[in-house]
Every structure is written in structure tokens, then in C-alpha cells.
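A.B. asks: give me a model of this one.
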Amino acid sequence: MKIEKLHFKNINSLYGEWEIDFTQPEYTQNGLFVITGPTGSGKSSIFDVLCLALFGATARISVKGKENDAFSLGKHEFLAEAVILLDAGRFRFRFEQTRSKRKNSLGNLQSCRRIIYQGENVYAEGNSASAKAAEQLLGMDLEQFLRTVMLAQGRFTAFLESGENDRAMLLENITGTGIYRDISKEVFLRAKNEEEVRRHILDRLNNIQQITPDSREQLLQQSADLEKTLLLLQQERQEYADLCALFDQYTKNTEALHQQQLHEKELFLEEQSFQKDALRLKLAENALECESAYLSREELIRTQASHQKNLQQAEDQAQQLKDQTAETEKHLLHASEQFALFQE
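C.D. replies: Now for the predicted structure:
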């Protein structure tokens, strides 16, 4: 908390309007200054301005409702205003009160009015709302403020006699070191969590059984046996894959043989049909002239020779397919025997 400016009017012996700007070089360069003057010159009134602006009350003067003993006699306007720089920003605390005007006499005091500004915006307005907002912003009430920030005469002993927790909280609010308390809590929680993790790791380490030399040798032997078994299984899997490939080839050869047999059957039917046509051609030769008969006979002989050649080729192909089938069946029989041994 840093007090930047005091603005006041008609408070005790300080008649008129006044302003003290603590941001001026004569205050900021030295960093330390005193308020001096004879008795009754208004030294304590400056502190009253600060208390009234922030809390609406002072340590030595009664200010309640329409009662204000700090109001300068014979004046109609009273003002106490302070500009304070806080962690939350810059705030202007204002306390004002008026006295009604009467001809040739002073009127009654009106109710005081409190308001807090943040910049040009109203932060809190009204006596109750401003009092609550002031305590939240400053982190202390008037009594705590008078025991720490502004010690009146005879109140320093009261501060020293305060409880340890009260003094710590007040000093944190004054110096802005509350963050170190939060850091301390965070460090404590972090240390607690890390300690739990450490204990958990130690428990796990304690539960781990150490391996003896004999157990280690036994495990190594088991590992070697498993590797051998794995190698044998891999070999058997490869043999099985080879058998499956051989069986697929046998299936393809069988299908090809079947197709060849169908083709031979078709050729045989064509031959039977051709023989019937040949008989009819022979009967027709007798009715033709010799030349035509001879030419027809020669053509027929060539055609028959061509068909016989095709038939011979088909028979040769059929014989080759039968030989291949026999060979395939031989391989299949061997593959079946190997597969039976593999299953055993």
C-alpha cells in the first residue's frame, strides 16, 4: 500500500481546501520526511484525513452519522480524500459531509457520504458498501490500521502485545509479503506429495525379491530351452506352409486334368459327328461325276487327316496330363504322410 495524495477541506484547524501530493520530487527523492509544527497547527488532522477517507472514522475524534467533531467551525463543507496505490490498482477513497445553510446561523449536519473510485469508475458507493470494500482492498480494518500503519500515541505497545498470528497477518498486509505464505504452503504440499511418492517407491523396492545365483542359472536355462522350442516351432511352421503350397498345386493340377477330360470328350463327340458326315459324303460320291467325286474324296481325305492329327494331339496332351496327374498324386501322397506326421 502506497499513499500518493491527500485532498481535504475544513478539518479541525485546517480551514479551507488543501492537497498533499506525495508523488512530488521533494517527497520521492528523500523517501523520508516528518510533519512538524506547534501544538494545534493541524499535524494530527492530516492523519485524521487519511483515516476518515479510508475508514470513515478516526482514533481520536468521534464521527458517527450526523455527528462530526472534525468539522471546522463555521464551515458548510467537509472533505477527506486519499489516493492509494494497491496491488489491485489505484483507488481514490472519498469521505464528504455538508452542513445546511441558514441565514445568520449554522444549519444541521447532513449524513456523511462515502465513495470509492478506481480510475474514473465508481468501485463502491454508500457507507456500508464502501466500508466493506475498503477492508477487502486494504486487508485490514481501522483498528488494525491504527496498530500498524499509523501508530497513535501510546498504541505501539498495543501492537507489540498483539498475538503472533495477528501481527503476522498485519505485517503481511503492510509489506505485501503474503505471497511468501502462499509459497510456503505450496512448498509444504509439494514436499508432502514427494514424500508419499518416495515412500511408495521404497515400498515397491522392498517388495522386490532378490534372485539367487541358483535361481538365475535356472532362469537362464529355461530361457535357452524356450529359444530352442521356438526355433523348432518356426521350422515346423515353415514345413506346414510348404505342404499347404503343394496341396494348392495339386488342386490346380486336378482342375486342369478335369478340364482336359472335358475337352477330349468334346473332341470325341466332334469325331462321331464327323464320321456320320463322312458316310453321307461317301454315298453322295456315287451320284457325282468322276472328277467331282475324286476332288471331293481328296478334300475329304485331307480333312480327315487334319482331324486325325488334331485327335492325336489331343490324345498326346491327355497322356501328358495323366502323367502329370500321376506325379501330382505321388507328391500329394507324400505331403499327406508328412502332414499326418506333423499332426502326431
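
A.B. asks: quick one: contacts for Thr98?
C.D. replies: His76, Glu77, Phe78, Leu109, Gln110 (CB atoms under 8 Å, 6 or more residues apart in numbering). For glycine as for every other residue, the C-beta is placed from the backbone atoms N, C-alpha and C.

A.B. asks: just the residues you listed: which are in strands?
C.D. replies: Secondary structure from DSSP state E places Glu77, Phe78, Leu109 of the contacts of Thr98 in strands.

A.B. asks: correct me if wrong: the last one contacts Ala70.
C.D. replies: No: between Leu109 and Ala70 no contact is recorded; they are 11.3 Å apart, counting by CB atoms under 8 Å.

A.B. asks: these two: which is more packed in?
C.D. replies: Neighbour totals were compared for Leu109 and Ala70, and Ala70 leads with 22 against 17 (other CB atoms under 10 Å).

A.B. asks: name the nearest residue to the more buried one, sequence neighbours excluded.
C.D. replies: Ile61 (4.7 Å; CB to CB, 6 or more residues apart in numbering).

A.B. asks: quick check: phi and psi on the residue nearest to Tyr27 when sequence neighbours are not counted?
C.D. replies: Closest residue to Tyr27 apart from its sequence neighbours, by CB to CB, 6+ apart: Phe33 at 6.2 Å. According to degrees, to the nearest 10, the main-chain angles of Phe33 amount to phi -150, psi 160.

A.B. asks: and the pLDDT at Phe33?
C.D. replies: With respect to pLDDT, Phe33 has a value of 74.

A.B. asks: any idea how far Ser336 is from Ala88?
C.D. replies: Per CB to CB, to the nearest Å, Ala88 is found 92 Å from Ser336.

A.B. asks: how about Glu315?
C.D. replies: Glu315 sits 31 Å away from Ser336, going by CB to CB.

A.B. asks: helices and strands around the helix or strand harbouring Asp214, which ones?
C.D. replies: Assigned by DSSP states H and E, Asp214 belongs to helix 213-285. Judged by 3 or more CB pairs under 8 Å, 6 or more residues apart in numbering; DSSP states H and E, the packing partners of helix 213-285 are helix 290-343.

A.B. asks: what is the helix it packs on packed up against?
C.D. replies: helix 213-285.

A.B. asks: out of the contacts of Thr98, which end up buried?
C.D. replies: His76, Phe78, Leu109 (16 or more other CB atoms under 10 Å).

A.B. asks: so what's Glu4 up against?
C.D. replies: Contacts of Glu4 by CB under 8 Å, 6+ apart are Asp21, Phe22, Thr23, Val83, Ile84, Leu85, Arg90.

A.B. asks: mind doing that once more with 7 Å?
C.D. replies: Phe22, Thr23, Val83, Ile84, Leu85 (CB atoms under 7 Å, 6 or more residues apart in numbering).

A.B. asks: next, count neighbours for the spatially closest residue to it that is not a sequence neighbour.
C.D. replies: Nearest non-adjacent residue to Glu4, counting by CB to CB, 6+ apart: Val83, 4.6 Å away. Val83: 20 surrounding residues under other CB under 10 Å.

A.B. asks: wasn't Val83 part of a helix?
C.D. replies: No: Val83 is assigned strand when assessed by DSSP: H, G, I helix; E, B strand; the rest coil, not a helix.

A.B. asks: enumerate the beta-bridge partners assigned to it.
C.D. replies: Per DSSP bridges, the residues bridged to Val83 are Lys5, Arg92.

A.B. asks: coming back round to it: tell me the one of the buried ones among the contacts of Thr98 nearest Asp277?
C.D. replies: Among those, Phe78 lies closest to Asp277 (CB to CB), at 142.7 Å.

A.B. asks: now do the contacts for that closest one.
C.D. replies: Going by CB under 7 Å, 6+ apart, Phe78 touches Lys9, Asn10, Ile11, Asn68, Phe71, Glu96, Gln97.

A.B. asks: one more time with 6 Å
C.D. replies: Asn10, Phe71, Gln97 (CB atoms under 6 Å, 6 or more residues apart in numbering).

A.B. asks: mind checking how far the second one is from Asp316?
C.D. replies: Meaning Phe71. In this view, Phe71 and Asp316 are 139 Å apart by CB to CB.
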